[in-house]
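Visitor: Fold the following and give me the result.
(one chain, ligands or ions: 1)
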Amino acid sequence: MALIEEISEFLQKGRAKNVKTLVQQALDEGMNPKEILNEGLLSGMMIIGEKFKNNEVFVPEVLVAARAMNAGLTILEPKLVEIGNEPVGVAVIGTVKGDLHDIGKNLVAMMLKGAGFEVHDIGIDAEADAFIDKAEEVGADVICMSALLTTTMPNMQVVIDALKEKGLRDKYIVMVGGAPVNESFSQQIGADYYTPDAATAAEVAKKAVLERKA
Ligand code: B1M
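Guide: Residues are numbered from 1 along each chain as shown. Sure, this is the predicted structure:
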């Protein structure tokens, strides 16, 4: 099996150490870092994302695959910076005020990274200003909000209202998700996109950013 395919395979199995070793080996053999990223790490993560969407793998498998991807990225990132690899876009993600659930949010963050985004995770229980200040600071394209409680869903609206008040609403693509959130709620609060799962969130974010930049 070619080295690049081995990287993808080990990533899908969540074998972080193997991924790290093989990424280093690929670099030592003079392979292009972008090729290692796209054909090895990202392609492996996309396969996992697709399987997750189809209920062929579940949260634990996605988490270990994502950990393996991050392990590979630690080796690759300095090389990518050297050759100036542009991310697809920049995303800020967090769980809204009052909400401590972060497993789904972390999955979305990982899938966004897997789709080539630079991701800034502001964590859980995040105030509206934390989303906005971070988005302004890092020049984000997308603001992603997660909520798992019916009682915290309205705080997504608070972020959107704060964006409007600051005259920043149109500057960002706003995405929402989480178990109690749905399309009609998303429309009601004026978000741009609702997506039901992490893999779809990454796909939609990528498409939306590329359309906006076109
Ligand atoms: Co809590 N909890 N919890 N909980 N918890 C739920 C959500 C609940 C449905 C359980 C139940 O009653 N059946 C219920 C909510 C009821 C409601 O409001 N409708 C509930 C409750 C009530 C509570 C407390 C209030 C309990 C209490 O203290 N009395 C409390 C609240 C704390 C707080 O947040 N302020 C609480 C606490 C906790 C723990 C801390 C113990 C723990 C969280 C640990 C952690 O996250 N680090 C916890 C857990 C684990 C759950 C359940 C069991 C699992 C949630 C989870 O991680 N699912 C949950 C019951 C359940 O869902 N079966 C429950 C797996 C995860 C991958 O799915 O987060 O939905 P999910 O993410 C999905 C999609 O929703 C989507 O992508 C992911 C999959 O691809 N997605 C997005 C998520 N964010 C997205 C953003 C996007 C797009 C897609 O775009 C930006």
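Visitor: Now do the strands in this structure.
Guide: Secondary structure of the chain (DSSP state E): strands at 90-95, 118-121, 142-146, 173-177, 193-194.
Visitor: list the helices and strands the shortest one packs on?
Guide: Strand 193-194 is packed against strand 173-177, helix 183-189, helix 198-213, with contacts defined by 3 or more CB pairs under 8 Å, 6 or more residues apart in numbering; DSSP states H and E. Glycine gets a C-beta too; all of them are placed from N, C-alpha and C.
Visitor: Please identify the most buried of the strands of the chain.
Guide: Comparing the strands of the chain by mean neighbour count (mean count of other CB atoms under 10 Å), strand 142-146 ranks first with a mean of 28.
Visitor: ok now it, how far from the chain's centre?
Guide: 10 Å (CA atoms, centre = their mean, to the nearest Å).
Visitor: and the gap between Gln188 and the ligand?
Guide: 16 Å (CB to the nearest ligand atom, to the nearest Å).
Visitor: actually Leu3, sorry about that
Guide: Distance from Leu3 to the ligand, by CB to the nearest ligand atom: 30 Å.
Visitor: Need the pLDDT of the residue positioned nearest the centre of the chain.
Guide: Per CA atoms, centre = their mean, the C-alpha nearest to the average position across the chain is that of Leu112, at 2.0 Å. pLDDT for Leu112: 90.
Visitor: what's the answer for Met145, then?
Guide: 98.
Visitor: how far away is the residue in the chain sticking out farthest from the centre from the ligand?
Guide: Relative to the average C-alpha location in the chain, and by CA atoms, centre = their mean, no residue lies farther out than Glu29, which sits at 29.7 Å. Using CB to the nearest ligand atom, we find Glu29 at a distance of 35 Å from the ligand.
Visitor: List the contacts of that residue.
Guide: Leu3 (CB atoms under 8 Å, 6 or more residues apart in numbering).
Visitor: circling back: comparing the helices and strands packed on strand 193-194, which stretch has the densest surroundings?
Guide: When these are compared using mean count of other CB under 10 Å, strand 173-177 is most buried, at a mean of 24.
Visitor: And the contacts of that strand?
Guide: By CB under 8 Å, 6+ apart, strand 173-177 touches 104, 108, 141-147, 156, 159-160, 163, 185-186, 189-197, 201, 204-205, 208-209, 212.
Visitor: what about Met110, neighbour count?
Guide: 24 (other CB atoms under 10 Å).
Visitor: Cool, thanks, talk later.
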